[in-house]
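[1] This is the structure alone, sequence omitted:
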């Protein structure tokens, strides 16, 4: 059985045992989270939500928090002698899927 969930404005296809990095979620390491925005349940009897499947949820355990790789950016305005460089590191939460309930 697998599920398509939505978190942090992105969609992920997950099954039990998967580990993935998602946008930062509130929760301590080792804590269990319940993700209730399930868009699709696949398997023997698939269910599609409109927009979410009623009563479905995905249980996940928080493995770690961290930052993604550094992204460098540079902006300038031609003929104005204006330029600026900047960097960004997006926060993430690494989770492990422990259960899918319909």
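    Great, that's in hand. Keep in mind that what you see is a predicted model, and the values were worked out from it rather than measured. Numbering: from 1, shown residues only.
[2] And the pLDDT for the closest residue to residue 68 other than its chain neighbours?
    Closest residue to residue 68 apart from its sequence neighbours, by Cβ to Cβ, 6 or more residues apart in numbering: residue 90 at 4.7 Å. Just so you know, the C-beta spots here come from the backbone N, C-alpha and C atoms, and that holds for glycine as well. With respect to pLDDT, residue 90 has a value of 96.
[3] mind checking the SS state of residue 69?
    Three-state assignment for residue 69 (DSSP: H, G, I helix; E, B strand; the rest coil): coil.
[4] Which parts of the protein are strands?
    Using DSSP state E, the strands of the chain run over residues 2-7, 10-15, 19-23, 32-35, 38-42, 47-48, 57-67, 71-77, 82-88, 91-101.
[5] wait, what's in contact with the residue sitting furthest away from the middle of the chain?
    For the chain, the largest distance from the centre (Cα atoms, centre = their mean) belongs to residue 79, which lies 41.6 Å off. Residues near residue 79 by Cβ atoms under 8 Å, 6 or more residues apart in numbering: none.
[6] just to revisit the earlier point, touching, the residue nearest to residue 68 and residue 70? I think so.
    No. At 9.9 Å, residue 90 does not count as touching residue 70 under the criterion of Cβ atoms under 8 Å.
[7] The two: which is more packed in?
    Higher neighbour count among residue 90 and residue 70: residue 90, with 13 against 9, using other Cβ atoms under 10 Å.
[8] Would you mind measuring from that one to residue 58?
    22 Å (Cβ to Cβ, to the nearest Å).
[9] Please apply the same query to residue 30.
    Counting by Cβ to Cβ - residue 30 and residue 58 are separated by 18 Å.
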